[in-house]
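Engineer: sequence unavailable; structure follows:
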């Protein structure tokens, strides 16, 4: 049932968001040259449609809700591992933020290692060797072969990165 | 033409190294195509400086091969890991990955390879035979026709929402709305940037696609409950990428339709393989007798985008060679390879430099044949990666996506965009909102908006004029009929489910 209510909340969010963005579009600067096909024409048309569809989804929710209550239908239970998912999100965001401080090589090695650990990988030798090998491979491909830039980090980490690539 | 072909073939046979350039370009292209964030455009652009030292024909053969290879390469990771290597392959993920999850990844890759090769060959033959008349046809397309074409792709959204047409439509409208962020293409004013300069350049669709598909997939896999086991479930096994002629005959209608779509979209300047693959996918759903199978693992869902994007590669060279106008972003970069050698593309090229033009034609055909060999090898090695546990693959995909997306424009904001849309994609999956309509909206949004506004400007703000022009009118009526049919199907489904409930009670 959790997803059912979340679905409703999402429709309400879309409805409110669309009305707000319609009003934002209405305040776009007007151009005399393009009167009739101004910058707000297309966005306002789209957000009007979004309002209609969100409203219809909300109506549909109430109809379905009535059916579910009347017929005592029990929706399938959600099977989500929230802990693992939360850790995964934290790791990805952390990887992105820390990369600019510690540089690509250190952060990537650490991220892949922790990612494998969170996912429940148990082979200790691969757990240590794979993150190192993969990071070296990606660095070689991007820096040496393609000459594309990778984050170097700051301070000591930046100096360290210059030793490697 | 026969004379030109003989001249072109004669040059290639006299310079056997040209074959090596075709092969090398193909390998380079497949590698670039299959790595998320590294597109064919980057692959071509990185090779341009190397073309200084080689002849103009060799350069163009190599760059053409990279283009063909990259267009195909994207589908490998799209099918195996739900991580489209290139934007052209985003659509292939929609059915390719569900097939891989069912253990039919090998067959899906086989279909993708065969349809890419067939689509590519058809596109090349059309390029060879019809370059001048097709270029004239492309010039006849006005804003009204471009708008109608974009609508054709967007309205098929209603058929894509197997669970809810309304959710599919809302998802599509949100995609179209996201495409409006940034500078207005006509007035130059900023829209929905909220004072943030970074948003002025708009939301690039490559990070969005990678986020919606790859990052949301990693989040989904990590959030799966796997009973008492601590580790994630193993990746699905991949069958051998072999398909028979009988398999291909089953999807012949989709192939023919998608080739035509790819050819037509390819010759239109500024509209590339990505648009071709999405419109072709939408049409495959619209024409299918079992549209409910799409998105859950339909072979036609792999064949349609792959045939169309490969067919459009050949014909995207039509406006380049015949008019000097690039048909796609990659061909725009390829102009660099021509100008380095002092060659000016345009109508005179066909008459003054027959050897070059026909060598390109032959080279493009050869590329598609070479693609089968290189593709099979690439598939063989890439599928081996699937033998590894997802606990290893998942973090590696995140690293490749982040690095690839950063390399696109050296912009950290692209990574932020990718992560945000990764979260949005995850939420949409959980709430059963189809992702495809949002991506279709995002890809076709700019074309639809600019074409509509230009068409209105040219026709004195008369909306009716869109329906009175023969081509645009016909396409728009098909769109309306398709939408109404989608709603009717949904209403019928709703009535049926209520009836079933009543009888059950």
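Structural biologist: Yep, it's here. Just so it is clear, the model here is predicted, and its values are computed rather than measured.
Engineer: burial count for residue 124?
Structural biologist: All of this refers to chain A. 8 (other Cβ atoms under 10 Å in any protein chain shown). The C-beta positions use only the backbone N, C-alpha and C, and glycine is treated the same way.
Engineer: the chain in question should be chain B.
Structural biologist: 27.
Engineer: helix or strand for it, which one?
Structural biologist: For residue B:124, the host element (DSSP states H and E) is helix B:105-139.
Engineer: low-scoring stretches of the stretch 201-350 of chain B, by residue?
Structural biologist: Along the stretch 201-350 of chain B, segments meeting pLDDT under 70 span B:225-242, B:269-271, B:325-329, B:347.
Engineer: recalculate using a threshold of 80.
Structural biologist: B:205, B:224-243, B:268-272, B:292, B:319-340, B:344-350 (pLDDT under 80).
Engineer: can you show me the helices along it?
Structural biologist: Using DSSP state H, counting those that start in this stretch, the helices found in the stretch 201-350 of chain B span residues B:205-210, B:216-222, B:245-250, B:252-267, B:273-287, B:299-315, B:317-323, B:329-339, B:347-352.
Engineer: for the ones you listed, which one sits closest to residue B:17?
Structural biologist: Among the helices of the stretch 201-350 of chain B, helix B:329-339 comes nearest to residue B:17, with 16.8 Å by Cβ to Cβ.
Engineer: and that closest one, anywhere near chain A?
Structural biologist: No. Using Cβ under 8 Å from any Cβ of the partner chain, we find that helix B:329-339 stays clear of chain A, coming within 15.5 Å at best.
Engineer: just want the angle from that helix to helix B:273-287.
Structural biologist: Angle, helix B:329-339 to helix B:273-287, by axes from the mean of the first three to the mean of the last three Cα atoms, to 10 degrees: 150 degrees.
Engineer: so what touches helix B:329-339?
Structural biologist: B:40-41, B:44-45, B:47-48, B:51, B:56, B:59-60, B:63-64, B:67, B:70, B:272, B:316-317, B:320, B:326, B:344-345 (Cβ atoms under 8 Å, 6 or more residues apart in numbering or on different chains).
Engineer: show me chain A divided up by domain.
Structural biologist: Per the record, chain A has its domains at A:2-71, A:82-164, by automatic domain parsing.
Engineer: check the secondary structure at the residue nearest the centre of chain B for me.
Structural biologist: In chain B, the centroid-proximal residue (Cα atoms, centre = their mean) is residue B:88; its distance is 2.2 Å. Per DSSP: H, G, I helix; E, B strand; the rest coil, the local secondary structure of residue B:88 is helix.
Engineer: do you know how far it is from residue B:434?
Structural biologist: Computed with Cβ to Cβ, to the nearest Å, the distance linking residue B:88 and residue B:434 is 20 Å.
Engineer: hmm, residue B:92 and residue B:299 touching each other?
Structural biologist: No. If you go by Cβ atoms under 8 Å, residue B:299 and residue B:92 don't touch, sitting 11.4 Å apart.
Engineer: these two - which one has more neighbours?
Structural biologist: A count of neighbours by other Cβ under 10 Å puts residue B:92 above the other of residue B:299 and residue B:92, at 33 against 23.
Engineer: the more buried one falls within a helix, correct?
Structural biologist: Yes. Using three-state DSSP, the secondary structure at residue B:92 is a helix.
Engineer: re earlier: tell me which of the domains of chain A lies nearest to chain B.
Structural biologist: Closest to chain B of the domains of chain A, according to Cβ to the nearest Cβ: domain A:82-164, at 3.0 Å.
Engineer: residue contacts, the residue in the stretch 251-400 of chain B positioned nearest to chain A?
Structural biologist: For the stretch 251-400 of chain B and chain A, the shortest gap (Cβ to the nearest Cβ) falls at residue B:395, measuring 3.0 Å. Going by Cβ under 8 Å, 6+ apart, residue B:395 touches A:111, A:112, A:114, A:115, A:116, A:119.
Engineer: helices and strands around the helix holding residue B:124, which ones?
Structural biologist: Applying 3 or more Cβ pairs under 8 Å, 6 or more residues apart in numbering or on different chains; DSSP states H and E, we find helix B:105-139 packed against helix B:56-81, helix B:90-101, helix B:245-250, helix B:252-267, helix B:299-315, helix B:317-323, helix B:354-385.
Engineer: looking at those helices, which is buried most?
Structural biologist: Comparing these by mean neighbour count (mean count of other Cβ atoms under 10 Å in any protein chain shown), helix B:299-315 comes out on top with a mean of 33.
Engineer: hmm, residue A:80 is touching residue B:220, no?
Structural biologist: No. Judged on Cβ under 8 Å, residue A:80 makes no contact with residue B:220 at a distance of 9.3 Å.
Engineer: joint contacts of those two?
Structural biologist: By Cβ under 8 Å, 6+ apart, no residue touches both residue A:80 and residue B:220.
Engineer: gap between residue B:435 and residue B:214?
Structural biologist: In this view, residue B:435 and residue B:214 are 12 Å apart by Cβ to Cβ.
Engineer: likewise residue B:178?
Structural biologist: 18 Å.
Engineer: how about residue B:175?
Structural biologist: From residue B:175 to residue B:214 the distance is 18 Å (Cβ to Cβ).
Engineer: between those two, point out the one with more neighbours.
Structural biologist: Between residue B:175 and residue B:214, counted using other Cβ under 10 Å, the more crowded position is residue B:214 (30 against 26).
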